[in-house]
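Peer 1: please find the sequence and the predicted model below.
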Amino acid sequence: EELAGAVPAPLCCGEPDGGKLSPGGGWGEVSPLLAHPPVPQARPGAHRTIRTSAAHRDIDTAAKFIGAGAATVGVAGSGAGIGTVFGSLIIGYARNPSLKQQLFSYAILGFALSEAMGLFCLMVAFLILFAM
């Protein structure tokens with residue numbers, strides 16, 4: 001049979017009466033061994049520090065540097081985006097010089113959005129390094 005070696009659920013779960021139903025129809029009281037111990041309350045103003053080993057600190061530091069390095073990749077993307085925006089401005093102006101003012105305003109908008117994304121990536125990198 002499939003369940004030949006299985007332990008009955010009431011026995012493996014630590015029922016105080018061995019899994020027999022109590023006269024009231026319930027399982028009875030919970031064993032004191034299973035009850036959760038009371039959580040001690042800390043004194044007001046007492047602080048607990050997290051103690052980590054040197055290996056854990058080294059791993060955390062390495063993870064911070066890896067995360068900050070990955071976040072700064074967006075700065076390179078911002079530089080490429082700005083180059084694309086102004087390269088397209090020059091091409092557009094060469095094709096149709098009469099649209100100079102409209103093309104320039106679109107280029108400034110593209111520059112601002114691309115630069116903002118680069119600054120956001122840089123900000124996240126600094127947050128990872130210095131705030132965590």
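Peer 2: Yep, it's here. Residues are numbered from 1 along each chain as shown.
Peer 1: dump the residue contacts of residue 107.
Peer 2: By Cβ atoms under 8 Å, 6 or more residues apart in numbering, the contact list for residue 107 reads 85, 86, 88, 89. For every residue, glycine as well, the C-beta is placed using N, CA and C.
Peer 1: which of the residues you listed count as buried?
Peer 2: 85, 89 (16 or more other Cβ atoms under 10 Å).
Peer 1: make JSON lines from the contacts of residue 107 and add pLDDT and secondary structure to it.
Peer 2: Output for these, formatted as JSON lines (pLDDT from 0 to 100; DSSP: H, G, I helix; E, B strand; the rest coil):
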{"residue": "85", "pLDDT": "96", "secondary structure": "helix"}
{"residue": "86", "pLDDT": "96", "secondary structure": "helix"}
{"residue": "88", "pLDDT": "95", "secondary structure": "helix"}
{"residue": "89", "pLDDT": "95", "secondary structure": "helix"}
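Peer 1: between the contacts of residue 107, which sits nearest residue 105?
Peer 2: For those, the residue nearest residue 105 by Cβ to Cβ is residue 89; the value is 10.3 Å.
Peer 1: what's the first-to-last distance across stretch 89-103?
Peer 2: End-to-end span of stretch 89-103 (Cα to Cα, to the nearest Å): 6 Å.
Peer 1: just the buried residues of that stretch, please?
Peer 2: Per 16+ other Cβ under 10 Å, stretch 89-103 contains these buried residues: 89, 92, 103.
Peer 1: likewise for stretch 57-76?
Peer 2: Neighbour-count burial for stretch 57-76 [16+ other Cβ under 10 Å]: 67, 68, 71, 72, 74, 75.
Peer 1: mind checking what helix or strand follows the least confident helix or strand in the chain by mean pLDDT in sequence?
Peer 2: Lowest mean confidence among the helices and strands of the chain (mean pLDDT, DSSP states H and E): helix 9-12, at a mean of 52. Next helix or strand after helix 9-12 toward the C-terminus (DSSP states H and E): helix 54-71.
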